[in-house]
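Trainee: With the sequence up front, the predicted model follows.
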Amino acid sequence: SFGHILLHRGKVDYTDNFIKPNFSAHLVSIEGDVGAFGTQSTAPAPVAVQATLDNNGPVSINGSVNPLVKPPFLDMTATTRDVELTNFSAYSIKYTGYPIVKGKLNVDLHYKLDQNKLNADNHIFIDQFTFGDHVDSPSATNLPVRLAISLLKNSRGEIDVDVPVSGSLDDPQFSIGGVIWHAFVNLIEKAVTSPFSLLAGAFGGSEELGYVGFEPGSAVISTAEQQKLDKLAKALSDKPGVKLDIAGRVDPAVDVPALKQAAVDRMVKRQKLRDVSGKGESVDVDSIEVAPAEYDKYLDKAYGAADIKKPRNFIGIAKSLPPAEMKQRLLDSVTVGENDLSGLAQQRAGAVQQALTGKVDAGRIYTVAPKMDASGLDGKGPTTRVEFSLK
């Protein structure tokens, strides 16, 4: 058993010889006390310790502990402020392949060990975290950590995250360092594999910001999709280190019929335009509205004007056909080729880029090659869309 322990003007020197170059840290000016504890204790000992980490900010440790009972018990909080992250560059090179050239760390920890089960919360605040140039390291992760850091940083250069960890001391492979590193890897993986969910969550939403959907055959952005774009623009303004790739996509299975329908509707509108233009007006055909009651009238005129093969009677005059059949023959006469689909994909990308103009720096937006089918989609959202990727 141990009685009351008083700590005064203490110092702890720590060196990790496993990492190359070696890492060293010095905890100095240790002041505080630990209450009595032992193998027969029925209550854990209170702990209150203050110290300074090297020439960095203060360290505060408070809680209760008894390492001698079986199983051992610990319920502890710890805080530290203004830790220079360049001190940890050796670890950064080993695990990420990049040295740390700038950044300060604030940490608030709560670790609880009970019945050999560890549950811990790590609140981490990093200011102005900056990587240096890449360094070859065989143990470095293959994850795009630079992108992850850019996604986690806000416009002020701050990273503010909570990293919970848990584990069991009964596991022979248990390692507190391994558990914490695994938690950080999970955080980076989430940032990289679900970046748009992360962006949406940061601004009070959960909708998928990774794409903007369009009606088949259309390149017009709906009000609902415009709201998504506004939220994406706001998120990107808070992540100045992130760049956006835009790729228009078409789905021939639905876009081809829609483009054919649009072509026939334009034929019908053109016939009505003849009536309008006869009054001396200059009107864009796409602005013409054809009421349902007059559609068949102008459809008949469009069919009559079309240069297509038509059924004829015995004296060679084109037969009168029901509206549905006339429309189908007109649809069949329309050809939608690869260039039409590619043009639609590019129009969609252009509409999105225009919608982001003035909200996101143009130098951060890149239009990439269009995607010409619906392959590779996960079944979520429309197949007629503009897709985003971050870099």
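Mentor: Nice, thanks for sending it over. Residues are numbered from 1 along each chain as shown.
Trainee: roughly how far apart are G38 and V28?
Mentor: G38 sits 29 Å away from V28, going by CB to CB, to the nearest Å. (C-beta placed from N, C-alpha, C; glycine too.)
Trainee: quick one, which of those two is more surrounded?
Mentor: Remark: of G38 and V28, V28 carries more neighbours, 15 against 12, as counted by other CB atoms under 10 Å.
Trainee: What residues does that one make contact with?
Mentor: Contact analysis of V28 by CB atoms under 8 Å, 6 or more residues apart in numbering lists 10-11, 51-54.
Trainee: List buried members of the residues you listed by neighbour count.
Mentor: Neighbour-count burial (16 or more other CB atoms under 10 Å) applied to the contacts of V28 gives 51-53.
Trainee: Restricted to strands, list these.
Mentor: Taking DSSP state E, the ones among the buried ones among the contacts of V28 that sit in strands are 51-53.
Trainee: which of those residues has the weakest pLDDT?
Mentor: When these are compared on pLDDT, L53 comes out least confident, at 87.
Trainee: which residues touch that one?
Mentor: 25-28, 59, 80, 83.
Trainee: how close does it get to F125?
Mentor: Computed with CB to CB, the distance linking L53 and F125 is 16 Å.
Trainee: V276 too?
Mentor: Taken as CB to CB, the span from V276 to F125 is 65 Å.
Trainee: and what of P44?
Mentor: According to CB to CB, P44 and F125 sit 29 Å apart.
Trainee: do the same with R146
Mentor: Separation of R146 from F125 (CB to CB): 20 Å.
Trainee: circling back: pick the one among the ones in strands among the buried ones among the contacts of V28 closest to Y295.
Mentor: Nearest to Y295 among these is L53, at 78.1 Å by CB to CB.
Trainee: Which elements pack onto the helix or strand harbouring A293?
Mentor: Take DSSP states H and E as the rule and A293 turns out to sit in helix 292-305. Contacts defined by 3 or more CB pairs under 8 Å, 6 or more residues apart in numbering; DSSP states H and E place helix 292-305 against helix 252-277, helix 323-333.
Trainee: any idea how far it is from the chain center?
Mentor: Between the centre of helix 292-305 and the centre of its chain there are 49 Å (CA atoms, centre = their mean, to the nearest Å).
Trainee: Measure how that helix sits relative to helix 323-333, angle-wise.
Mentor: Here helix 292-305 runs at an angle of 50 degrees relative to helix 323-333 (axes from the mean of the first three to the mean of the last three CA atoms, to 10 degrees).
Trainee: quick one, helices of the chain?
Mentor: According to DSSP state H, the chain carries its helices in the segments 89-96, 145-152, 176-193, 195-202, 223-237, 252-277, 292-305, 323-333, 338-356.
Trainee: Redo those as a markdown table? Include distance to T15.
Mentor: Shown next, in a markdown table, are the helices of the chain (distance: least, CB to CB, whole Å):
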| stretch | distance to T15 |
| --- | --- |
| helix 89-96 | 11 |
| helix 145-152 | 26 |
| helix 176-193 | 15 |
| helix 195-202 | 37 |
| helix 223-237 | 43 |
| helix 252-277 | 64 |
| helix 292-305 | 83 |
| helix 323-333 | 78 |
| helix 338-356 | 51 |
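Trainee: what about the ones you listed, which gets the closest to S137?
Mentor: Closest approach to S137 among these (CB to CB): helix 89-96, 5.6 Å.
Trainee: Name the residues that touch the closest one?
Mentor: Contact with helix 89-96 is made by 19-23, 85, 98-101, 131, 135, 137, 139-141, 145, 181, as judged by CB under 8 Å, 6+ apart.
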